[in-house]
Every structure is written in C-alpha cells, then in structure tokens.
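Chemist: Sequence plus predicted model, see below.
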Amino acid sequence: MVGRKQGTAFNFVYSYKFVFVMKTLFLVRHAKSDWENSNLLDIERPLNERGYSNANSMSLLFKEKQDNPDLIITSPAIRAITTALIFARNLNYDSNLISIQKELYESSVKDYLKVVSKTDEQFKSIILFAHNPTISGFAETLCKSLPMEMPTCAIAGIHFDCKKWGDLKTTKGELFLFEYPKKQV
C-alpha cells in the first residue's frame, strides 16, 4: 500500500508492504512396489513396472501443475528413494540434494512432524516421499480434510500460513491438491 502524507514543510511518501509467508508441503506415497522376491527385506523392495510408470506420469503431472520444490525428503526404503529420484529427474532437481531421513521408515506421524519441523527455514516448499498408513495419517493430522487414504503414488499438497516449519504443530493446513494415478485415467 503506497500513499502520500501531507506535512507542513514537505510531503513524504510512506509505504506498507504486506508479506504473506506460506509454507507448502507435498506428501507423496511411494509408487507401487514389487513383492515377488520374498528374500528381500521390506526396506529393500523395489518398484514394480506399474510403480515406475505411475511415478513417471505423476511427476510429470506435478511438473505441469506446480512449481519445483525447494527440497525433496525421502524415506530410506528403496521404493521411496526410487519414486523420489523419478520425480527429481522429471523436475530437473539435483538428485544429490535429496535428503534421506531414516525417521520416515517404520515410524509415526509424530516422527514425520519432527522431520519436517527441523527443516531449514530457507526452504518454502518440500516434497516428502514416504509410506502408508503413516503418510495418510500425517496428511489428515495436518489438514483434517484428506478425502481418502492415499493410494500408491498419490500426491497431497498442503499450504500453511506460517513462517516456520516448526509452526506446523499449531497451524491447520489447507489441502489444495490431491492427485493419484487412477484419478488420471
């Protein structure tokens, strides 16, 4: 808002700048995984063919609808890392900058919140790749309006009117994006 104030000896210009700080969190459930090799540990399971295809198409849809994220965070599970790498490739995001957080594997909503809360404030948007049922529970906790449990490779976009990632504990988010592979068919 800019205005002009009349003074007795001179006129001066004053201005007010209203800045709305917003954080944006995208939650992505890893793409469909392969269960064929029973010798693999759960953390080692790769994506199956449909998983690769869905991760590619959903990342391209994300690119079409959203700005690139400032940060990508993923669970250490192979299926989550692979999904994150496919998104990174299609978003031209440097895969060396992906943050792998062990707290996102076999953990709780509280653990997910800790991971996001400790994120550097320079990052305004994050994509977090992780697992059900926790990722759906996390989304529901943050915005209270998730339309359904997140299917594989679903993307939930949530805006927060706050300055710090640590404020997510007390700030209700607004779900503005909910996409998943079968919705695109």
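Modeler: Thanks, I have the structure now.
Chemist: which intervals of this protein have sub-threshold pLDDT?
Modeler: Confidence mapping of the chain against pLDDT under 70 gives the ranges 1-21.
Chemist: show me where it has strands.
Modeler: According to DSSP state E, the chain carries its strands in the segments 2-6, 11-15, 23-29, 71-74, 99-100, 125-130, 155-160, 174-179.
Chemist: Same list as before, those that is, but in JSON lines and with mean neighbour count and distance to residue 64 included.
Modeler: Just so you know, the C-beta spots here come from the backbone N, C-alpha and C atoms, and that holds for glycine as well. Output for the strands of the chain, formatted as JSON lines (neighbours: other Cβ atoms under 10 Å; distance: least, Cβ to Cβ, whole Å):
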{"stretch": "strand 2-6", "mean neighbour count": "8", "distance to residue 64": "36"}
{"stretch": "strand 11-15", "mean neighbour count": "8", "distance to residue 64": "37"}
{"stretch": "strand 23-29", "mean neighbour count": "24", "distance to residue 64": "14"}
{"stretch": "strand 71-74", "mean neighbour count": "23", "distance to residue 64": "18"}
{"stretch": "strand 99-100", "mean neighbour count": "16", "distance to residue 64": "25"}
{"stretch": "strand 125-130", "mean neighbour count": "25", "distance to residue 64": "15"}
{"stretch": "strand 155-160", "mean neighbour count": "22", "distance to residue 64": "12"}
{"stretch": "strand 174-179", "mean neighbour count": "16", "distance to residue 64": "10"}
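Chemist: can I get the ones you listed in a markdown table with distance to residue 56?
Modeler: Output for these, formatted as a markdown table (distance: least, Cβ to Cβ, whole Å):
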| stretch | distance to residue 56 |
| --- | --- |
| strand 2-6 | 47 |
| strand 11-15 | 47 |
| strand 23-29 | 13 |
| strand 71-74 | 16 |
| strand 99-100 | 21 |
| strand 125-130 | 14 |
| strand 155-160 | 13 |
| strand 174-179 | 14 |
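Chemist: Can you tell me which of these is nearest to residue 142?
Modeler: Residue 142 lies closest, by Cβ to Cβ, to one member of those: strand 155-160, at 5.5 Å.
Chemist: any residues touching that closest one, and which ones?
Modeler: Here strand 155-160 makes contact (Cβ atoms under 8 Å, 6 or more residues apart in numbering) with 22-28, 58, 61-62, 66, 139, 142-143, 146, 150, 167-168, 171, 173-180.
Chemist: in its sheet, what does it sit against?
Modeler: strand 23-29 (antiparallel), strand 174-179 (antiparallel) (DSSP bridges).
Chemist: Ok, which of the ones you listed comes nearest residue 131?
Modeler: strand 23-29 (7.0 Å).
Chemist: if you skip the residues just before and after it, what's nearest to residue 90?
Modeler: residue 59 (4.1 Å; Cβ to Cβ, 6 or more residues apart in numbering).
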